[in-house]
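got a predicted structure here, sequence first:
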Amino acid sequence: MAMSGGIDSTVAALMLHKEGYEVVGITMKTWDYAGSVGTTGKKETGCCNLDSFNDARMAAVQHGFPHFILDIREEFGGFVIENFIEEYIAGRTPNPCVMCNTHIKWRALLKRADALNCDFISTGHYAQVQQHSNGRYFIRKGVDETKDQSYALWGLQQDLLSRTLLPLGTFRKTAIRQLAHDYGYPELAKKNESYEICFVPDNDYRGFLKRKVAGLEEKVDGGNFVDPSGKILGKHKGYPFYTVGQRKGLDIALGKPAFVTEIIPETNTVVLGNEDDLNRTEMQVNQLNWMKFEGITGGQEAVTKIRYKDKGALSNLYTYQNGIKVRFYDQVKGVAPGQSAVFYDGDDVIGGGIIQREANIVLNG
């Protein structure tokens, strides 16, 4: 059981323990706090700090099951953090939580589960694992739509899903808070939840990039803001410090609201437009992982989410080159290359992938 020390994973562990499972708690150390934040004096928050480790261990000890700390800093930093940096340098907007779940966290848990002869791995995510009549495993949305985390789990492959238990998927957050009280941990119900990227706990990804990439600021400073026609509007502070859809913090006065509509790293150019310029009807998605079905049929209908809090938009999916093309029924706003696109059949995840830079593609037929 992956235990962060927070309410969700702690309650999930205690639920499984009460149901009769032999639970082994695992807390993963993914990063070093001191090397990830600036000199703001901000106190450690969220996961991966000593207090969280102690909270997880205490719950395990009090209920009589073992607990281990698993150091995956090298794996995590070598993939998740490097990918995060590379994506911004490439002019894209990464989703490190998806990358961590897909490539690091679940694999690390499964490896340790095998070493300990455990049958299953489990987390405190608000989602469900189901098995289709075709034998394939897939993620279904959590019952609590306000907490649903299915979007972040699209990359899990079949061997991982077949051994994953998600106890919280059929519960609402209010019920989990009550269970925390019932289990004797009322303080967990009051514990603040962390929504920041775990290795950027001060939420300043620009500062993180500057600290991690030597000379980055000097290399990219002074590029051009341009309008959609290519007219120069002013100078910016470097393309990696902007994301598609951004409106605030542009530090340029145009007499009207401006939005980042495109980032062109090759020329250190940031394109600004009005809100309507963010609209797209098509996008290309690569690096796919299919769940409910082995693939898609041409023109398959799905609801596509392009960001975590997105409600989703009705679309058709077509095979295209080494990925798929998504054609939306209506225009969608803020398609950001590097972010995840997740495809749903009702509440069920069909699969997902990474949005590519080409936002509009001509598809024959």
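Received, thanks. Residues are numbered from 1 along each chain as shown.

report the buried residues of the helix or strand of the chain with the lowest mean pLDDT.
Here the helix or strand of the chain ranked lowest by mean pLDDT, DSSP states H and E is helix 186-190, holding a mean of 81. Neighbour-count burial for helix 186-190 flags 188-189 (criterion: 16 or more other C-beta atoms under 10 Å). C-beta: built from backbone N, CA, C; applies to glycine.

contacting residues around it?
Residues outside helix 186-190 that contact it (C-beta atoms under 8 Å, 6 or more residues apart in numbering) are 6-7, 10-11, 55, 177-178, 180-181.

one more time with 7 Å, if that's ok
Identification of contacts with helix 186-190 by C-beta atoms under 7 Å, 6 or more residues apart in numbering yields 7, 10, 177, 180-181.

out of those residues, who's nearest Thr304?
Distance to Thr304, by C-beta to C-beta, is smallest for Ile7 among the contacts of helix 186-190, at 31.1 Å.

distance of the residue nearest to the closest one when sequence neighbours are not counted from His125?
Distance criterion C-beta to C-beta, 6 or more residues apart in numbering; nearest residue to Ile7, sequence neighbours excluded, is Leu188 at 4.2 Å. Separation of Leu188 from His125 (C-beta to C-beta, to the nearest Å) stands at 17 Å.

His103 contacts Phe79, correct?
Yes: shown here, His103 and Phe79 form a contact pair, counting by C-beta atoms under 7 Å, at 5.7 Å.

narrow the contacts of helix 186-190 to just the buried residues.
Using 16+ other C-beta under 10 Å, the buried ones in the contacts of helix 186-190 are 7, 10, 177, 180.

let me see the contact set for the first one.
For Ile7, the contacting residues are 176-177, 180, 188-189, 191, by C-beta under 7 Å, 6+ apart.

phi, psi for it please.
The phi/psi pair for Ile7 (degrees, to the nearest 10) reads phi -60, psi -40.

that one and Ala180, how far apart?
For Ile7 relative to Ala180 (C-beta to C-beta), the value is 5 Å.

with Ser150 instead?
Applying C-beta to C-beta to Ser150 and Ala180 gives a distance of 23 Å.

please parse the protein into its domains.
Following automatic domain parsing, the chain resolves into domains at 7-124+166-190, 221-273, 279-355.

lowest average confidence across those domains, which one?
Lowest mean pLDDT within those: domain 7-124+166-190, a mean of 87.

now the terminal residues of it, how far apart.
This stretch, domain 7-124+166-190, spans 9 Å end to end (C-alpha to C-alpha, to the nearest Å).

repeat that for stretch 305-317.
OK, stretch 305-317 end separation, C-alpha to C-alpha: 13 Å.

list the buried residues for it?
305-308, 310, 313, 315-317.

give me the residues contacting that stretch.
151-152, 296, 299-304, 324, 326-330, 332, 335, 339, 341-344, 355.

same check on stretch 96-114?
Applying C-beta under 7 Å, 6+ apart, the external contacts of stretch 96-114 come out as 2, 26, 28, 70, 72, 75-76, 79-80, 83-84, 121, 152-153, 155-156, 160, 163, 197, 340.
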